[in-house]
Structures are given as structure tokens and as C-alpha cells.
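build me a model:
(2 chains)
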Amino acid sequence: MKKNINVRHIIVKDAADIFTPLSLVFGFYIILHGNLSPGGGFQGGVMIAASAVLIYLGYGFKTASSAINMEVIRKGEAIAAICYTCLALLGIFFGLNFCRNVFFNNGAIGDLLSSGTIAFMNYAVGFKVLTGVSFLILLMVSLLAPDSDSEHK
Amino acid sequence: MKKVFIFASLIIFFAAGIWGAFNMMSFQNTISSDMDAVSLYNDPQHYDLSDATGVADIIVSENLDKTKAVNAVTAIVFDFRGYDTMGESFILLTAISGSMAILRKSKKWGEDDHDEEEH
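As a prediction, the model looks like this:
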């Protein structure tokens, strides 16, 4: 196998083109409707992180690392962790337990925000998982990438 | 000698499994068909729970009262077990920290080589 010739298969590239927006839209739907429909933050985040793998499979590591800013998602994961902790601390500010749901009684059952902090914690965990898993996958995949000298041609 | 111990322990496990499987035949069903979910939802404290009825219906009705979230699994994971979810999501942070500690010297990820020289 010659390493200096970079050939991507057309079937893999077209499959990546088709399934990347599907996985993005479906993953965001699962995260946003986590308290109404089956799914949640973890599942939707992993489904969005699969789109990063699809970009890598279709276009190689060079394109994936230039399309996805890895510094930003590394900081975004920490921001999501802080958001989750602050939402959990909201119960202490109201004089109740840690991780207490304080404002859950707004709206009828089935509304998006009727469950209070559950929805926002769901979004925080979804953002944390989608940034964390995609960063982890790209970090591991970078070991498989060829050197930057042979990729320039 | 080692093989004899392994053989004897496997036989003991097998016998215990068969004994447990035959004992499980006499257990009650956890879900019965004569469960009245409406009366349970209206009056959960005074519902007759002496016979084994569906636990899932009790969980869903109590969950709707306490959290107003339709998805019971998300309500349990993010409300009643918030500590657990926080630890689970911090496992991911630990995994990334360990991976970066191992793979830092490869220097192939990202295009910001000047960022690593500052440290």
C-alpha cells in the first residue's frame, strides 16, 4: 500500500455526504426532546459525535481537523460541565437539596419546558457528550493519520 | 489440581443455577392484568399494593406528579439521580484528560502547533 497516494473511495465519501446531516439533525432532535421522547443527552450526543467520524471516514483527518476546531470543543466541554454543576447548585440557592428540581411546575404536561431543570440539564449533558466524544475520537484517530509531509501532495 | 478446583467450582455454579431456575417457577408475576392505572393515578397512597402489580405504572404516575416530565428515564437520570449523572459525565472529562496526557507527544492533532510551544 503506497502511502503517498491518497485515494478516497467514492462510495464512502457519498455515504458520508448523505449521512452526516442526517445524524446531525436527528442527534439534535434527540437532545432537544430528551424529556418528551425516548432518548436523552447521552444518546443524542453520541449520535452527533458519529458525524465527526463520518467526516473523517469520507475526507480524511486533515479535512476533519480543519473543519472541526478542536480547541473550541475542548473548551466547550468544560463549559458544559460548569453549566451542569451550576444547574445542580440551583437547588441550594433556593434552600433545598443539591440537584433538586426547583421550578418544574410551569406549563402542562408535555410542554418542552414543563419539567424545569431536567430539560436544561439534558441540554448541558448533551453538549458535554457531543463535544467530549468527538474530541476523544478525533484525538485517537490522529494517531492513524499520516505525516503532514505526505498529506500535502 | 487446578483443573479439579475449576471443575468442582463450575459444577457447584451449575447446580446452584439449576436449583435457582426451578425455584423461580414459583415466583409471582410482577405485572398482572387486573391493574387499574386510573385509580392508582388518582389515589396512589390508598391503592391496594398487597398483590404484585405493575411497578412500571406506579413509577410513571408518581413521576408525572413529581417532575412533570413525560420521559420517565430522563426524569430519573437527571432529577432523582443527578449525582450519578454528574459523575458519569465527569468520567468523560477524566477520559479526555488521560488521553491527552498519553497522546500529547504525537503533536498531530489540530493545526495549532504554536499553542503547544507556549506551555
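
what segments of chain A are helices?
Secondary structure of chain A (DSSP state H): helices located at A:10-32, A:41-67, A:70-93, A:117-141, A:148-151.

and the first one, what's buried?
So that's helix A:10-32. A:16, A:19, A:20, A:23, A:24, A:26, A:27, A:28, A:30, A:31, A:32 (16 or more other Cβ atoms under 10 Å in any protein chain shown). C-beta coordinates here come from the backbone N, C-alpha and C atoms, glycine included.

any idea how far chain B is from the closest residue to residue A:58 other than its chain neighbours?
Nearest residue to residue A:58 in three dimensions, chain neighbours excluded: residue A:16, at 2.8 Å (Cβ to Cβ, 6 or more residues apart in numbering or on different chains). For residue A:16, the distance to chain B equals 20 Å [Cβ to the nearest Cβ, to the nearest Å].

quick one: contacts for residue A:16?
By Cβ atoms under 8 Å, 6 or more residues apart in numbering or on different chains, the contact set of residue A:16 is A:54, A:55, A:57, A:58, A:59.

now residue A:34
By Cβ under 8 Å, 6+ apart, the residues touching residue A:34 are A:40, A:41, A:44, A:119, A:122, A:123, A:126, B:71, B:74.

report the closest residue of chain A relative to chain B.
As assessed by Cβ to the nearest Cβ, chain B sits closest to residue A:99 within chain A, at 3.0 Å.

got any ranges where the chain has weak pLDDT?
This is for chain A. Applying pLDDT under 70 to chain A flags residues A:1-8, A:146-153.

the chain in question should be chain B.
B:28-41, B:44-56, B:105-119.

in it, what residue is nearest chain A?
Counting by Cβ to the nearest Cβ, chain B gets nearest chain A through residue B:82, at 3.0 Å.

the nearest residue to that residue once chain neighbours are set aside: neighbouring residues, count only.
Sequence neighbours aside, residue A:99 is the residue nearest to residue B:82 in space, at 3.0 Å (criterion: Cβ to Cβ, 6+ apart). Using other Cβ atoms under 10 Å in any protein chain shown, residue A:99 has 24 other residues around it.

and the most centrally placed residue in chain A, how far from residue B:23?
What sits nearest the mean C-alpha location of chain A, by Cα atoms, centre = their mean, is residue A:130, with 1.6 Å. Using Cβ to Cβ, to the nearest Å, one gets 46 Å for the distance from residue A:130 to residue B:23.

and if you look at residue A:103?
Distance from residue A:103 to residue B:23, by Cβ to Cβ: 48 Å.

likewise residue A:55?
Remark: distance between residue A:55 and residue B:23 (Cβ to Cβ) = 54 Å.

who's more crowded, these two?
Just comparing residue A:55 and residue B:23: by other Cβ under 10 Å the higher neighbour count belongs to residue A:55, 21 against 9.

contacts only, for the residue nearest to that one when sequence neighbours are not counted.
With sequence-adjacent residues excluded and distances taken as Cβ to Cβ, 6+ apart, residue A:55 is closest to residue A:64, at 4.8 Å. If you count contacts by Cβ under 8 Å, 6+ apart, residue A:64 has them with A:52, A:55, A:56, A:138, A:141.
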